[in-house]
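> mind folding the following:
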Amino acid sequence: MRFSREYIIRFGHGGMVAENPAAYAIAQGKFTENLIQLIWRNGLYDRSALNTVAGLPVTVHAAGRFNTGAGPDFKNADLTIGGIRLRGDVEIHKHAREWFEHKHHLSSLYNHTALHVFMERSDTTLPATTRRGRTLHELDLGLHLRHPLDELHRELEVVHAPLTGRPFNPRCTPLLQKLGPAASAGLFNIIGDGRALIKSNRVIARLAHSGHEQVFYELLLETMGYSAFNRQFAAVAHAMPRATLLEIIARK
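So this is what the prediction gives:
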C-alpha cells in the first residue's frame, strides 16, 4: 500500500490507529469513481470539518440527484461554501487532474458545477475552471473519510455486500478477539454503513424511474412478503401499481 500525503497508518494492539484520526491513507488504484460517488451520495465521510482546498468551510445539505446522463455526476446539490448557500452540480473524480483530462473545462455542460470532488490531488494540479472561466470550489474528500478507503473498496465494490452477507463467514468470536476492541468497533461501523448504503441506493435507483409514493408502495408490499415471498409481492406491486389500485378503490 502506498500512503498519500503526510498521514501514516500504524498497527498497534487495538488494531489500526491513524496518526491523524480524521484522515486515512489511500490505497492507490484500488478504487473506482463509482466508489467515490457512493461515498458522496451516502455521506460516508466526516461532515464536521469539511473544507475546500482553499480552506473554505463546506456544509452539504443535499448531495444532489445522481445523473445517469451526460454532464456532472450529481445535479442540483444544496451546499453552503464559505458561508454562501449554493445550488449547483457536483462532479466526482478519482484524481483532481481528471477535470482537465476529461475536457470538462471546454464543455458547457459543466458551467453550473458548484463543487469539484476528488480523492487525490497533486501540488501541480491546476484548479478546475469552467468553460466560462469560473474557478470552481474543490473538495479533497480523501482527507475526510470515516473509514480507510481500501476497506470501503473491499466491502462495497469487491464483495458487493457487507461482511455479514458473505456465504462462508468465519466464526465471529476468534476474529473479533484477534482484532481487539478498537478495530472491532471500526469493523462494525463499516458493516453498518455498508448495509445502509446498499439499502438506500436501491431506493434511490427506484426513485429515478418512479414517484416516491409508488416506490413506498412497492417497498411496503415487499416487506409484507418477508424474505420468502418478497419477489412475489414485488411482482404484485408492479402488476397493480398504486395509481391503478386507487382508481379501483374509488369506484367502489
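> hang on, residue 86 packs against residue 79?
Yes: look at residue 86 against residue 79 with CB atoms under 8 Å: they come within range, at 4.9 Å. Backbone N, C-alpha and C define where each C-beta goes, glycine included.
> who's more crowded, those two?
residue 79 (22 against 15; other CB atoms under 10 Å).
> and that one, how close does it get to residue 137?
In this view, residue 79 and residue 137 are 8 Å apart by CB to CB, to the nearest Å.
> now for these two: what residues contact both?
By CB atoms under 8 Å, 6 or more residues apart in numbering, residue 79 and residue 137 have these common neighbours: 58, 114, 115.
> what about the helices in this protein?
33-41, 98-101, 149-152, 172-179, 181-207, 212-224, 226-239, 242-251 (DSSP state H).
> what residues go with each domain of this protein?
The chain breaks down into these domains under automatic domain parsing: 1-209, 210-252.
> give me whichever of those is most buried.
Stretch with highest mean neighbour count among the domains of the chain: domain 1-209 (a mean of 16; mean count of other CB atoms under 10 Å).
> average pLDDT for that domain, rounded please.
For domain 1-209, the mean pLDDT works out to 77.
> show me how far it is from its chain's centre.
6 Å (CA atoms, centre = their mean, to the nearest Å).
> return the residues in contact with residue 203.
Contacts of residue 203 (CB under 8 Å, 6+ apart): 215, 219.
> make it 7 Å
residue 215 (CB atoms under 7 Å, 6 or more residues apart in numbering).
> do the same with residue 222
230, 233, 234.
> what does residue 114 give?
Here residue 114 is in contact with 77, 79, 86, 88, 89, 90, 137 (criterion: CB under 7 Å, 6+ apart).
> switch the cut-off to 8 Å
77, 79, 81, 86, 87, 88, 89, 90, 136, 137.
> residue 44 too?
38, 145, 146, 147, 152, 193, 197.
> how much space between it and residue 95?
19 Å.
> again with residue 139
13 Å.
> find residues that contact each of the two.
residue 118.
> now distance to residue 130 too, for the contacts of residue 44, in a markdown table please.
Shown next, in a markdown table, are the contacts of residue 44 (distance: CB to CB, whole Å):
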| residue | distance to residue 130 |
| --- | --- |
| 38 | 26 |
| 145 | 27 |
| 146 | 31 |
| 147 | 33 |
| 152 | 30 |
| 193 | 33 |
| 197 | 31 |
